[in-house]
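Novice: coordinates for the following, if possible.
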Amino acid sequence: MKKESKKVVAKETKRVVTDADLNKMAFRTLLNQACFNYERMQNIGFTAALAPATKKIYADDPKQLAVVLDDNLEFINTHNVLLAFLIGLMLSLYEKGEDPETVRNIKVALFGPLAGIGDAIFWFTLMPIMSGICASLAEDGNILGPILYAIVFFCVFLLRFPLAHIGYTMGTKAFEVIEKDTKKINNAATIVGVTILGGLVSSYVALSLIPTYKDANGLEVSIQTQFIDHIIPHFLPALVTGIVYFLLKKKVNPTVIIIWIILLSILGSLIGLV
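Specialist: Below you'll find the predicted structure:
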């Protein structure tokens, strides 16, 4: 049976966790998936990042420390960058003397929404957009393509450090903000991502029909340019992308999809269709 969260009440305590501890924790989140497993996923990496600062908080209470570390060896699967924010928040609560069970319940409530927010912002929006822009620059022989992508990726990597401090500073206030605005953030990021990816599809997925027909004046007219593109521009690339997406949703192996695309492309070219 799912345990109900207790109301968190701040207590006056002396600060134990330092800025250096938070930075160390943020750096250790890099190993979050080093011991990834299919039973509890990121639990070992998560606990390894949390452990050093937690040991300082419970230095005089080894039994409580054991309880806290054992709690955090449970299942968890969240975003690798926003993970630092979550741990910073938890350390703040532990330091204030909150019941470990309450902190555990807050962690369970937050790691899912944080995973959704992180994926929507970083992996489904920011990085695909930058990949398209930088690939286009590189294709034109511009050295800024790979350099710009590396800079953006490194900035995302560095975000875990300020996020660790923000989570620690916000404490339980972060829970209210995330709980309230998760849906809005996900929807906004999804809309931006779909819009950008739609533009990338028309630019990078190339497919057109070769066959032609003769009009009333006996001139050859391309079915693709004079008929399909006049009705729905870039219809075939969008159609292929939609089919691939449908197959992926049906759990078809991506390698199988790629092989079929190659085979059908070769066949279509040989018979003069595409």
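Novice: all contacts plus neighbour counts: C-alpha atoms, from now on.
Specialist: OK.
Novice: count of neighbours near the closest residue to residue 68 other than its chain neighbours?
Specialist: Here the nearest residue to residue 68 in space, its sequence neighbours aside, is residue 100; by CA to CA, 6 or more residues apart in numbering that works out to 6.2 Å. Here the number of neighbours of residue 100 (other CA atoms under 10 Å) works out to 19.
Novice: what sits against residue 100?
Specialist: Each residue near residue 100 by CA atoms under 8 Å, 6 or more residues apart in numbering is listed here: 67, 68, 94.
Novice: what's the closest of those to residue 30?
Specialist: residue 68 (21.4 Å; CA to CA).
Novice: can you give me phi and psi for that closest one?
Specialist: Note on residue 68: backbone dihedrals following degrees, to the nearest 10 are phi -60, psi -50.
Novice: quick one, strands of this structure?
Specialist: Taking DSSP state E as the criterion, the chain contains strands spanning 212-214, 220-222.
Novice: what ranges do the helices span in the stretch 51-200 of the chain?
Specialist: With DSSP state H, counting those that start in this stretch, the ranges of helices along the stretch 51-200 of the chain come out as 62-71, 83-95, 100-118, 127-139, 144-158, 160-170, 173-204.
Novice: quick one: closest of these to residue 42.
Specialist: Comparison of these against residue 42 by CA to CA identifies helix 83-95 as nearest, at 10.3 Å.
Novice: sorry, back to before: quickly compare the strands of the chain and say which is most buried.
Specialist: strand 220-222 (a mean of 14; mean count of other CA atoms under 10 Å).
Novice: tell me the pLDDT of the closest residue to residue 119 other than its chain neighbours.
Specialist: Of all residues beyond its chain neighbours, the one nearest residue 119 is residue 79 (6.9 Å), with distances taken as CA to CA, 6+ apart. What the model reports as pLDDT for residue 79 is 89.
Novice: could you measure residue 79 against residue 116, distance?
Specialist: With distances taken as CA to CA, to the nearest Å, residue 79 is found 8 Å from residue 116.
Novice: perfect, I'm done here.
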